[in-house]
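Peer 1: Fold the following for me, if possible:
(one chain, ligands or ions: 1)
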Amino acid sequence: KPNDSWWRNAVIYQVYIRSFADADGDGTGDIAGLRSRLPYLARLGVDAIWINPWYPSPLADGGYDVSDYRDIHPAYGTLDEAAQMIAEAHGLGLRVLLDIVPNHTSDQHPWFQEALAAPPGSPERDRYLFRDGRGDDGSLPPNDWHAAFGGPAWTRTADGQWYLHLFAPEQPDLNWENPEVRAEFDSILRFWFDLGVDGFRIDVAHGMDKDPALPDLGLPEFSVLTAEGQDDHPHWDRDGVHDIFRGWRAIADSYPDRRVFVAEAHVRPGRLADYLRDDELHTAFNFDFLKCPLEADRLREVIDRSITDLATVGAPATWVLSNHDETRHVTRYGRAHTGVTTPLRHQRHPSDLALGTRRARAAALLMLALPGGAYIYQGEELGLYEVEDLPEEALQDPAWERSGHTVRGRDGCRVPLPWTGDTPPFGFGPPGSVPWLPQPADWRSYTAEANEADPASMLRLYRSALRLRRTTPGLNGEDFRWLDSPEGTLLFARGQDLLCAVNLSDEPVPLPEDCGLLLTSGPLDDDGLLPPDTTVWLQRDQIM
Ligand code: TEU
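Peer 2: Numbers count the residues shown, from 1 in each chain. Down below sits the predicted model:
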């Protein structure tokens, strides 16, 4: 594989560093913990890791409020340790992607502190989006935009001006019209590329460009997507972002071993391709897939659209089931409405853990058999579920406070990983340490150790799938074809002889003939039929 296209069918493992592994026992994950677990990740068989923001930050939004883009949060370690970790990962054949947060800084970033200290109209304020308020005394926000975690997208400062924040008030939005902002991020990218990182996930890639007129939206609440039918949204998915990313691509390509960008862009179906042209970003998360209910027809449609849309610009499709913003899919798939995802918007529904786990196994084998790239969120390979009963006093997501305690937010998918042992902290930290979010007692049967001991565990399934994905020619190529299959099921071929069958109907279905079983997400039934909520990988006999 040429060095500059490794990402086209890579499996990238998301490390939420705060919750991955805590070497020093302060309750928070750290770089030393990550280093100690790199062999685990190499053995799992992923190609790369993406590390959520690890920069100095007041952690008002879990680190997506960066106060210094060129250093490491002291709780996580030092720049030296970061450089060593990157070298060790490379030594194990793992690439390392970081998370860059260009839409907003922390309110503790020196730039924002300078802006607050400077007068209205000053160059310091022009790095952000400060405006006068409306009403006779300017006491009304400049427009009607809403913030993601609740409340208006504007906060008033001591001298009466307001500043824009699409997320928490501690996350003021940068003004990307300002050349200084652009130059600063070019320099930040180079800083980390020079340290050896292989690429970046770009946070809120669809939000950086704002209509300078900041017109009213007329929408009742915050929406992550461009409103249906609205081509000219004042802050989502505007043409101006492409100019920024063309500049970034030139920087990535100036390194002999071409660095890579992954877009986090919540855009309308069909619009993602615009971000993935030759001179822009490389790849992007496929949230349509994450949000799709486990229903054959809906999945077939999303899969087809994902592949064909991106093929128009030569980009590979990608697949993702969970991340640090969404309810873990074991829990989602255990619900009647499996497409319900975001913990920022929806009420909770009862979930059947056994059913959810069974479907999560089926979904994993589906995802890993599809052409293109895939993302694994830490802990999904252990079968972790969403922790929905965290005590209220433990909740940290700004959504909890900002919503006036009406939504619990995203902490339930961010609970520190269980590695070993029978009691908390389950090897996340040293014995006696207290993880920053409490772990459920029954995670004793979800530890990496417990998974390891059980041949039928989620971890063993992921590892087998990732190994076969590497060694099976059909799964390496781009070739993908649907085959006819009973209603409520999916059947597709990869290359000459690899088949994947997914039964999402209520009845067992026969398997295609003349095939050998390579891998299955669960036991076949006594007659050799494929039971509901089960996926198999099959090898077609060569005689065909
Ligand atoms: O999320 C971007 C985003 O649009 C979120 O509102 C997302 O849709 C929501 O969390 C889904 O529940 C990114 C990060 O992934 C998230 O963790 C940050 O809070 C956010 O940006 C602000 O930086």
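
Peer 1: From here on, just use CA atoms for contacts and neighbour counts.
Peer 2: OK.

Peer 1: How are the helices of the stretch 401-544 of the chain distributed by residue range?
Peer 2: 448-453, 458-471, 473-476 (DSSP state H, counting those that start in this stretch).

Peer 1: Tell me which of those lies nearest to the ligand.
Peer 2: For the helices of the stretch 401-544 of the chain, proximity to the ligand was assessed by Cα to the nearest ligand atom; helix 458-471 is nearest, at 24.0 Å.

Peer 1: picking up where we left off before, which one of the helices of the stretch 401-544 of the chain lies closest to G45?
Peer 2: Nearest to G45, of all the helices of the stretch 401-544 of the chain, is helix 458-471, at 5.6 Å by Cα to Cα.

Peer 1: Can you get me the centre-to-centre distance for that closest one and its chain?
Peer 2: In terms of Cα atoms, centre = their mean, to the nearest Å, the centre of helix 458-471 is set 21 Å apart from its chain centre.

Peer 1: burial measure for the closest residue to the ligand within the stretch 351-500 of the chain, as a count.
Peer 2: With Cα to the nearest ligand atom, the shortest gap between the stretch 351-500 of the chain and the ligand falls at R410, namely 7.0 Å. R410 is flanked by 26 other residues according to other Cα atoms under 10 Å.

Peer 1: tell me the contacts of the most centrally placed residue in the chain?
Peer 2: Central residue of the chain (Cα atoms, centre = their mean): N323, 4.2 Å from the mean position. N323 makes contact with Q14, I376, Y377, C413, according to Cα atoms under 8 Å, 6 or more residues apart in numbering.

Peer 1: which sections of this protein are below the confidence cut-off?
Peer 2: 1-4, 226-229, 341, 345-347, 542-544 (pLDDT under 70).

Peer 1: Would you map out the domains in it?
Peer 2: Structurally, the chain divides into domains by automatic domain parsing as follows: 3-101+285-458, 106-173, 479-540.

Peer 1: Of all the ones you listed, which one is nearest P234?
Peer 2: domain 106-173 (9.7 Å).

Peer 1: Give the PyMOL command for selecting the buried subset of the contacts of N323.
Peer 2: Buried subset of these, written as a PyMOL selection, criterion 16 or more other Cα atoms under 10 Å:
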select buried, resi 14+376+377+413
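
Peer 1: Same list (the contacts of N323) but as JSON lines, adding distance to G429.
Peer 2: Shown next, in JSON lines, are the contacts of N323 (distance: Cα to Cα, whole Å):
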{"residue": "Q14", "distance to G429": "19"}
{"residue": "I376", "distance to G429": "22"}
{"residue": "Y377", "distance to G429": "20"}
{"residue": "C413", "distance to G429": "18"}
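
Peer 1: residues touching G218, list them.
Peer 2: Per Cα under 8 Å, 6+ apart, neighbours of G218: D144.

Peer 1: Assumed it was part of a helix.
Peer 2: No: when DSSP: H, G, I helix; E, B strand; the rest coil is applied, G218 is found to be coil, with no helix at that position.

Peer 1: For N143, see how far away it is.
Peer 2: Distance, G218 to N143, using Cα to Cα, to the nearest Å: 10 Å.

Peer 1: residues contacting L294?
Peer 2: Y333, T338, G339, L504.

Peer 1: next one: L174
Peer 2: Neighbours of L174 in contact, by Cα under 8 Å, 6+ apart: P102, N103, H104, T105, R127, Y128, L129, V181, M208.

Peer 1: can you redo those as CSV with neighbour count, distance to the ligand and secondary structure?
Peer 2: Below are these laid out as CSV (neighbours: other Cα atoms under 10 Å; distance: Cα to the nearest ligand atom, whole Å; DSSP: H, G, I helix; E, B strand; the rest coil):
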residue, neighbour count, distance to the ligand, secondary structure
P102, 22, 9, coil
N103, 23, 8, coil
H104, 27, 7, strand
T105, 25, 9, coil
R127, 21, 18, helix
Y128, 24, 16, strand
L129, 19, 17, coil
V181, 16, 17, helix
M208, 22, 11, coil
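
Peer 1: Good, we can wrap up now.
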